[in-house]
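Asks: everything below, folded, please.
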Amino acid sequence: MSTLMQLPTPSPAASPSSGSEPVWIVPLHEHPPYGHVRLKRVFTTDGTRHQVVLVDARKLIACADRDDTDYVLPPVQEWHPGKLRGIREFLEPSNARIPQMPYVTISTRRAPGLLGWLRLEHEGVVAFRNGQHRARYLMAAGAVWFPVEVHEREAAMLRQYCGASDDARVALRPTSDGSGGGAPRA
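Replies: A predicted model of the protein is given here:
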């Protein structure tokens, strides 16, 4: 088994101006059209106040389903066939354009039940700024973990409620050129 791999921190050598930025290869375990997707950061400029956090797909979607706004998507199985085809083509690893990872925000609220009423237990609530279709499709396609971007002041909370296990660092292999050279083998 591989050793744990830390997420890269963009360096001057991996900045957008040099034409090379970190790309995360996310394996898909239940997706015959292709076995992985590539994702890049949303915020790549020096001094950005955003961080990449590896999330557990199921935990993230459970927290997103708690969002009480009117823009929570139904399960992927209920999407229109044209929407499914479009997202599948958008995420296709052979495309020259690398999609951005989902961008989220997180807050907490009292959990249901007595402990929540007593303000002793809280639950995470995730809202998508961008990438809700991507995130839900990735989970439905068998992604166990994937990277998302979040403001630095919310990163610890996102890790607490939705963070991936240490195994994610073995499964996700960022590369600097997006070639897929770090794609996991089946």
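
Asks: assign a three-state SS to I98, would you?
Replies: Assigned with DSSP: H, G, I helix; E, B strand; the rest coil, I98 falls in the coil class.

Asks: what about it, neighbour count?
Replies: Using other CB atoms under 10 Å, I98 has 17 other residues around it. Bear in mind the C-beta positions are built from the backbone N, C-alpha and C, glycine included.

Asks: pull the longest helix from this structure.
Replies: Longest helix of the chain, by residue count under DSSP state H: helix 81-91.

Asks: how far does that one sit from its chain's centre?
Replies: 18 Å (CA atoms, centre = their mean, to the nearest Å).

Asks: that one: which residues count as buried?
Replies: 87, 91 (16 or more other CB atoms under 10 Å).

Asks: what's the following helix or strand after it?
Replies: Per DSSP states H and E, the first helix or strand lying C-terminal to helix 81-91 is strand 103-110.

Asks: what's the mean pLDDT across that following strand?
Replies: On average, the pLDDT along strand 103-110 is 88.

Asks: on contacts alone, who are the packing partners of that strand?
Replies: Packing partners of strand 103-110 (3 or more CB pairs under 8 Å, 6 or more residues apart in numbering; DSSP states H and E): helix 57-65, strand 122-130, strand 145-151, helix 155-162.

Asks: pick the most buried one from these.
Replies: strand 145-151 (a mean of 24; mean count of other CB atoms under 10 Å).

Asks: that strand packs against which elements?
Replies: strand 23-27, strand 50-56, helix 57-65, strand 103-110, helix 132-140.

Asks: now the ones you listed in TSV, with distance to E149?
Replies: Listed next are the helices and strands packed on strand 145-151 as TSV, based on distance: least, CB to CB, whole Å:
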stretch	distance to E149
strand 23-27	11
strand 50-56	5
helix 57-65	13
strand 103-110	5
helix 132-140	12
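
Asks: my guess is R110 meets E121, correct?
Replies: Yes: R110 lies in contact with E121 (CB atoms under 8 Å); the separation is 7.3 Å.

Asks: ok, and the closest non-adjacent residue to H31?
Replies: A141 (3.9 Å; CB to CB, 6 or more residues apart in numbering).
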